[in-house]
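Colleague: how would this look folded up:
(one chain, ligands or ions: 1)
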Amino acid sequence: MILIYTQNWDGKFKKLSYELVSYGAAIAKQMNTEVVALSIGNVANNELQSLGKYGASKVVSVNDPNLSVVDNKIYAKTISEAVNKYNAKVILFANNNEGKAIAPRISAKFKAALITGVGKLPKSVEPFVICKKVYTGKASVDVKVNSDIKVLTLFQNSFGVVEAPVDAEIETLELTIDTPTIKVIEQSKSTGKVLLNDAEIVVSGGRGMKSGDNWAGIEQLAEILNGGTACSRPVSDEGWRPHGEHVGQTGKIIAPNVYFALGISGAIQHLGGVSNSKCIVAINTDKEAPIFEAADYGIIGDVHKILPELIEEVKKLKS
Ligand SMILES: Cc1cc2nc3c(=O)[nH]c(=O)nc-3n(C[C@H](O)[C@H](O)[C@H](O)COP(=O)(O)OP(=O)(O)OC[C@H]3O[C@@H](n4cnc5c(N)ncnc54)[C@H](O)[C@@H]3O)c2cc1C
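Modeller: Numbering: from 1, shown residues only. The predicted structure is shown next:
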């Protein structure tokens, strides 16, 4: 059995949950087994059912007031109960903060190998061999996994959301949940914007933008394309943009369909967070900038002149 740890926000599954189920369903096919999706929190029945569209034959829901805050220790205990109950052999998490915090606990508990940052299906399931990226995406290695249980974290947007409809059986799991050891005092949620991790198109600016006052064009292009905005680390360090937008080795790792890198040199630490993008478009005055090695389309020139023209052209295409 493949167990998927899904994530929801206010009772709605995040896109990554559908991707995880799609990926899990493809591995289940290779292993000739089934997918159980675990939902934690207050999620309505029709929402639970939606996971069936991507191949979850069973959706297990655990809902308890003590799970309203993500306490890694308590969540890991809850997931462990499901691992035991459904005799899961592969447990899948997203390769995000939550997944990376909980997956090692599951790995330690079950003496299971933990393979972080996978993006492709196993090359074989007997023996279990899977490819993962190393050195911030500069290289990849094939890992042979010998443990009976395997824990994997999947890079977001690496596999995609794939429909494989089955009738999902919904099951409620009644567990005794411990009181969380942490308390959330305040929560702030960005509204009205496309979340960076979910964005299909990301428009990102670097130090070549010269100042935080020059972001109107980036925001405008992102809005027209229904995309998200991002930046390089120096930009957020300077306070030109919020830290939540910083992508790279020490920031968010994203893999949109299109990544616009505007005035970004393309340092290895930056590419570590964006190199999985399906298409990279770069604008830079320096034809030797490393971003052009990673880019699919490159424009050598001043971003302050080219961006307004690009916006006009995109507007024409959209009208
Ligand atoms: C441990 C460590 C972790 C790091 N983690 C990250 C990370 O997570 N993310 C990250 O981004 N960085 C990270 N960095 C920093 C990284 O090494 C680079 O310094 C940084 O990515 C450079 O940002 P930049 O490209 O915006 O700026 P710069 O390197 O200053 O590049 C600016 C670019 O803009 C171009 N330019 C200038 N003017 C124009 C113009 N008018 N029009 C078009 N182009 C123009 C220049 O040719 C240049 O290529 C990390 C560094 C370390 C040591």
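
Colleague: What is the burial count for S277?
Modeller: S277 has 25 neighbours, counted by other C-beta atoms under 10 Å. In this view, the C-beta of every residue, glycine as well, is placed from N, C-alpha and C.

Colleague: correction: W9
Modeller: Neighbours of W9 under the rule other C-beta under 10 Å: 11.

Colleague: Likewise for the one 4 residues further on?
Modeller: Applying other C-beta under 10 Å, we find 21 other residues in the vicinity of F13.

Colleague: Quickly list what it is bridged to.
Modeller: On the basis of DSSP bridges, F13 is bridged to N8.

Colleague: residue contacts, it?
Modeller: When contacts are counted by C-beta atoms under 8 Å, 6 or more residues apart in numbering, F13 touches T6, Q7, S39, V43, E47, S50, L51.

Colleague: most surrounded residue in these?
Modeller: Using other C-beta under 10 Å as the neighbour criterion, L51 leads the contacts of F13 with 30 neighbours.

Colleague: Do I have it right that that residue meets A168?
Modeller: Yes - with contact defined as C-beta atoms under 8 Å, L51 counts as touching A168 (5.7 Å).

Colleague: Find the residues that touch each one of these two.
Modeller: A37, V59.

Colleague: Which residues are in contact with the one residue in the stretch 1-150 of the chain that gets nearest to the ligand?
Modeller: Closest approach between the stretch 1-150 of the chain and the ligand, counting by C-beta to the nearest ligand atom: T136, at 9.0 Å. Shown in contact with T136 (C-beta under 8 Å, 6+ apart): Q249, I268, Q269, L271, G272.

Colleague: Quick check: phi and psi on it?
Modeller: When read as degrees, to the nearest 10, the backbone of T136 gives phi 40, psi 50.

Colleague: How many residues are close by D10?
Modeller: For D10, the tally of surrounding residues (other C-beta under 10 Å) stands at 8.

Colleague: Model confidence score at it, please.
Modeller: D10 carries a pLDDT value of 89.

Colleague: what's in contact with stretch 279-286?
Modeller: In this structure, residues lying in contact with stretch 279-286 by C-beta under 8 Å, 6+ apart are 208, 257-266, 274, 289, 291-292, 294-303, 306-307, 310.

Colleague: hmm, try it at 10 Å
Modeller: Contact with stretch 279-286 is made by 201, 203-206, 208, 256-266, 271, 274, 289-307, 310, as judged by C-beta atoms under 10 Å, 6 or more residues apart in numbering.

Colleague: got the buried residues for that stretch?
Modeller: Across stretch 279-286, burial judged by 16 or more other C-beta atoms under 10 Å covers I280, V281, A282, I283, N284.

Colleague: Kindly report the same for stretch 288-296.
Modeller: Of the residues in stretch 288-296, those buried (16+ other C-beta under 10 Å) are A289, P290, I291, F292, A294, A295.

Colleague: returning to that earlier point: between the contacts of T136, which sits nearest the ligand?
Modeller: Among those, Q269 lies closest to the ligand (C-beta to the nearest ligand atom), at 3.4 Å.

Colleague: Can you give me the neighbour number for the closest one?
Modeller: Neighbour number of Q269 under other C-beta under 10 Å is 13.

Colleague: Tell me which stretches of the stretch 101-250 of the chain form helices.
Modeller: 216-224, 233-237 (DSSP state H, counting those that start in this stretch).

Colleague: Now the helix or strand following the last one: average pLDDT?
Modeller: When you say that, I think you mean helix 233-237. Heading C-terminal from helix 233-237, the first helix or strand you meet, by DSSP states H and E, is strand 258-262. Averaged across strand 258-262, pLDDT comes to 98.

Colleague: and the helix or strand that strand 258-262 is followed by, C-alpha only, in CSV?
Modeller: Note on strand 258-262: by DSSP H and E, the next helix or strand toward the C-terminus is helix 268-274. Extracted as CSV, the C-alpha positions of helix 268-274 are listed here (Å, rounded to 0.1, in the frame of the first residue of the first chain):
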residue,chain,number,x,y,z
ILE,A,268,24.1,28.3,-8.2
GLN,A,269,22.3,29.0,-4.9
HIS,A,270,19.5,30.8,-6.9
LEU,A,271,19.3,28.1,-9.5
GLY,A,272,19.0,25.5,-6.8
GLY,A,273,15.5,26.8,-6.1
VAL,A,274,14.3,27.2,-9.7
